[in-house]
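S.K.: missing the sequence, but the structure's below:
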């Protein structure tokens, strides 16, 4: 990606996994891939992140100067609860982002108390361990489906020209009901591999319509996602990248035989990288 001072830097959008909470302590190859990619593209002016773990009636931005680190999980190793991610908030960015969504016809809320849930701080800690990049959080609306989130991404795309990195945080497959069932398996079940491959193929052919109708068209879709929320941030990321985005696969793998940790960058067609 060009760093010439004569042209503005446009970052890609990202879809990243946050895995199980233990990903914060054992990031493995997925975490290393995320870290290496950010080292390559450089530090953005701010991050806008959509986490699968913040679900509201209408799109809502967290407007907190110093967001707290939320430990929204139970029964995990004690060291996880001691982690803090003290990134500054991005309140002024929230005002710009709200205007973009409102101009596109969305009703928008502001939350002056919302901190960073584990879907936000776990991947951000891998990418920006010094917590120096301002962070703006945006909620999803799980009752409104992929197209709604794709359109939100489209509306937010102008932020990228100002050096904002837009990140969707979820998991490419997410069926917690299979966590214990598959714990002793030697390999992930067929639906996990089939869904990973289907998404990879649809991205390679830029088949946005197919991706938007994944529950109807993808093999193993309902098993991969009994509910939508962990895939919806993906649609914000591809929506913001524009219709002719180029996909860069950063990592593909599976944890606990049911959590696909696939990581993607989506480059706008005008980007150089």
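M.R.: In hand now; what should we look at? Computed from a predicted structure; not experimentally measured.
S.K.: Quick check, pLDDT for the closest residue to residue 214 other than its chain neighbours.
M.R.: With C-beta to C-beta, 6 or more residues apart in numbering as the criterion, residue 214 has its nearest non-adjacent residue at 5.4 Å, and that residue is residue 221. (Each C-beta comes from the backbone N, C-alpha and C, glycine too.) Note on residue 221: pLDDT of 97.
S.K.: cool, residue 189 as well?
M.R.: pLDDT recorded at residue 189 is 89.
S.K.: contacting residues around it?
M.R.: By C-beta atoms under 8 Å, 6 or more residues apart in numbering, the contact list for residue 189 reads 178, 182, 223, 257, 258.
S.K.: and it, how far is that from residue 17?
M.R.: From residue 189 over to residue 17 the distance is 18 Å, taken as C-beta to C-beta, to the nearest Å.
S.K.: same check, this time on residue 265
M.R.: According to C-beta to C-beta, residue 265 stands 13 Å off from residue 17.
S.K.: same deal with residue 133?
M.R.: The spacing between residue 133 and residue 17, counted by C-beta to C-beta, is 19 Å.
S.K.: now swap in residue 72 and tell me
M.R.: For residue 72 relative to residue 17 (C-beta to C-beta), the value is 17 Å.
S.K.: who has more neighbours, these two?
M.R.: Set residue 72 next to residue 17 and count neighbours by other C-beta atoms under 10 Å: residue 17 wins out with 28 against 14.
S.K.: Which pLDDT value belongs to residue 256?
M.R.: Reported pLDDT for residue 256: 88.
S.K.: neighbours around it, how many?
M.R.: 17.
S.K.: for residue 132, same thing?
M.R.: When neighbours are counted by other C-beta under 10 Å, residue 132 registers 10.
S.K.: residues in contact with it?
M.R.: Counting by C-beta under 8 Å, 6+ apart, residue 132 touches 43, 87.
S.K.: next one: the one 5 residues further on
M.R.: For residue 137, the contact set (C-beta under 8 Å, 6+ apart) comprises 48, 49, 50, 51, 54, 61, 62, 67, 114, 116, 120.
S.K.: Go through those residues and name the one nearest residue 90.
M.R.: Nearest to residue 90 out of those is residue 48 (C-beta to C-beta; 7.7 Å).
S.K.: phi, psi of the closest one?
M.R.: Residue 48 has phi and psi values of phi -110, psi 120 when expressed as degrees, to the nearest 10.
S.K.: my guess is it contacts residue 138, does it?
M.R.: Yes. In this structure, residue 48 is within contact of residue 138 by C-beta atoms under 8 Å, at 6.1 Å.
S.K.: who touches both of these two?
M.R.: With C-beta under 8 Å, 6+ apart as the test, residue 48 and residue 138 both reach residue 97.
S.K.: And the strands in the protein, which stretches?
M.R.: With DSSP state E as the criterion, the chain has strands at 13-17, 46-55, 60-62, 109-111, 135-140, 164-170, 246-251, 254-255, 259-260, 263-267.
S.K.: Let me know which of those strands is the nearest to residue 79.
M.R.: Nearest to residue 79 among the strands of the chain is strand 254-255; the distance by C-beta to C-beta comes to 18.5 Å.
S.K.: Direction included, what does the closest one pair against?
M.R.: Paired neighbours of strand 254-255 in the sheet (DSSP bridges): strand 259-260 (antiparallel).
S.K.: Can you name the residues in contact with the strand it pairs with?
M.R.: For strand 259-260, using C-beta under 8 Å, 6+ apart, the contacting residues are 17, 19-20, 171-174, 192, 195-196, 224, 252-254.
S.K.: Okay, and which of those map to helices?
M.R.: Counted as lying in helices by DSSP state H, out of the contacts of strand 259-260, are 192, 195, 196, 224.
S.K.: That concludes my questions; thank you for your assistance.
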